[in-house]
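Trainee: Structure for this input, please:
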Amino acid sequence: MAEARAPGQPRPNYITPGGYAALKAEYDHLLGTERPAIVEVVSWAAGNGDRSENGDYLYGRKRMREIDRRLGWLARRMKAAKIVDPAQQPDKARVYFGATVTIADEDDLHRTVTLVGDDEAEAGEGRIGWNSPLALALRGAAVGDLRRVALPAGIKEWEVMTITYPG
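Mentor: Numbers count the residues shown, from 1 in each chain. The predicted model follows:
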């Protein structure tokens, strides 16, 4: 998956179908449920007189700004999204977007990670972002390949043990 783009053009936001659905669900919830509820509270609180000491009004306005910022961010991320179905990868013998990879370090400690979009990364659950240092090192690797990763604690070498894709 080459990242050919014109200079100054933002990098594509690769994302799995499930990751895109999660972004869309959050956007829809904020826009359709949370924001209208806050607007109602702010309108009610504004009618109660002095706004400078009205906690419901002040908190409501603050929360509305937070929701609006998040909605803007989600809209930009969804607009830049390039949905990639990992099950459709043509070369399943190499590590590409959506691959689940088991790697082993020098001490034979195994770790399994799945390369997903940066917006869906959750390291504690084994999902690492496509542009993370480990994912960058693993891209294009085949079973048996050794990959070196520069981490804050120093250089670490991993061997690719298995590669799987969903579907």
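
Trainee: how does the chain divide up, domain by domain?
Mentor: 13-83, 86-164 (automatic domain parsing).

Trainee: Quick one: end-to-end distance for the shortest one.
Mentor: Same thing as domain 13-83. Start-to-end span of domain 13-83 (CA to CA, to the nearest Å) is 8 Å.

Trainee: Rebuild the domains of the chain as JSON lines, extending it with mean neighbour count and mean pLDDT.
Mentor: To be clear about C-beta, it is placed using only N, CA and C from the backbone, and glycine gets the same treatment. Converted to JSON lines, the domains of the chain look like this (neighbours: other CB atoms under 10 Å; pLDDT from 0 to 100):
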{"stretch": "domain 13-83", "mean neighbour count": "14", "mean pLDDT": "91"}
{"stretch": "domain 86-164", "mean neighbour count": "16", "mean pLDDT": "94"}
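
Trainee: Pick out the residue nearest the middle of the chain.
Mentor: With distances taken as CA atoms, centre = their mean, the chain has Asp119 as the residue nearest its mean C-alpha position (1.3 Å).

Trainee: Which neighbours in the sheet does the strand ranked longest in the chain have, and how are they oriented?
Mentor: The longest strand of the chain (DSSP state E) is strand 154-164. When pairs are called by DSSP bridges, strand 154-164 turns out to pair with strand 100-104 (antiparallel), strand 146-151 (antiparallel).

Trainee: Could you export it as PDB, CA atoms only?
Mentor: As requested, the backbone C-alpha atoms of strand 154-164 are provided in PDB (Å, rounded to 0.1, in the frame of the first residue of the first chain):
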ATOM      1  CA  GLY A 154      16.800   1.400  22.600                       C
ATOM      2  CA  ILE A 155      16.900  -0.800  19.600                       C
ATOM      3  CA  LYS A 156      14.900  -4.000  19.800                       C
ATOM      4  CA  GLU A 157      14.900  -6.800  17.200                       C
ATOM      5  CA  TRP A 158      11.800  -8.900  16.500                       C
ATOM      6  CA  GLU A 159      11.300 -12.000  14.300                       C
ATOM      7  CA  VAL A 160       8.100 -12.400  12.400                       C
ATOM      8  CA  MET A 161       6.600 -15.800  13.500                       C
ATOM      9  CA  THR A 162       3.100 -15.800  11.900                       C
ATOM     10  CA  ILE A 163       0.900 -13.600   9.700                       C
ATOM     11  CA  THR A 164      -2.800 -13.900   9.500                       C
END
